[in-house]
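> the sequence isn't on hand, but the structure is:
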């Protein structure tokens, strides 16, 4: 793999190592995440595994998870 970048085809990251930490029970459409060797996290839509991967730093993922736990993303559910 030459370069990992935001929006790259998720298939270029391989098929191993993807996890479904967030599943909404909506017929299999959920988010999959993969921790990359450099500590960044790739996220893709499970219904489109060949679609784009969003690449986040460790700090970005930590801020999102901590904020979600604190209720800062609750507005997305209303």
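Received, thanks. Because the structure is a prediction, the values reported are computed rather than measured. Numbers count the residues shown, from 1 in each chain.

> list the contacts for the residue nearest to the spatial centre of the chain?
Note on the chain: the residue nearest the mean C-alpha position is residue 43, at 2.0 Å, using CA atoms, centre = their mean. With contact taken as CB atoms under 8 Å, 6 or more residues apart in numbering, residue 43 is in contact with 31-33, 53-56. Heads up, the C-betas are built off the backbone N, CA and C, glycines and all.

> could you give the average pLDDT over stretch 34-54?
The average of the pLDDT scores along stretch 34-54 is 94.

> end-to-end on that stretch?
This stretch, stretch 34-54, spans 10 Å end to end (CA to CA, to the nearest Å).

> now do the contacts for residue 53.
Applying CB under 8 Å, 6+ apart, we find residue 53 in contact with 6-10, 12-13, 42-44.

> show me which of those are buried.
Applying a neighbour-count criterion of 16 or more other CB atoms under 10 Å, the buried members of the contacts of residue 53 are 8, 10, 13, 42-44.

> farthest-apart pair in these, please.
8 and 43 (11.9 Å; CB to CB).

> which neighbours do these two have in common?
Common neighbours of residue 8 and residue 43 (criterion: CB under 8 Å, 6+ apart): 53, 55.

> re earlier: with adjacent residues omitted, what lies nearest to the residue nearest to the centre of the chain?
Spatial nearest neighbour of residue 43, chain neighbours left out: residue 54 (4.7 Å); criterion: CB to CB, 6 or more residues apart in numbering.

> returning to that earlier point: for the contacts of residue 43, pick the one with the most neighbours.
Ranked by neighbour count (other CB atoms under 10 Å), the contacts of residue 43 have residue 53 at the top, with 26 neighbours.

> so what's the closest residue to it other than its chain neighbours up against?
Nearest residue to residue 53 in three dimensions, chain neighbours excluded: residue 10, at 4.0 Å (CB to CB, 6+ apart). Residues in contact with residue 10 (CB under 8 Å, 6+ apart) are 42, 44, 49-53.

> measure residue 10 to residue 44 for me?
For residue 10, the distance to residue 44 equals 4 Å [CB to CB, to the nearest Å].

> which neighbours do those two share?
Listed contacts common to residue 10 and residue 44 are 51-53; contacts here mean CB under 8 Å, 6+ apart.
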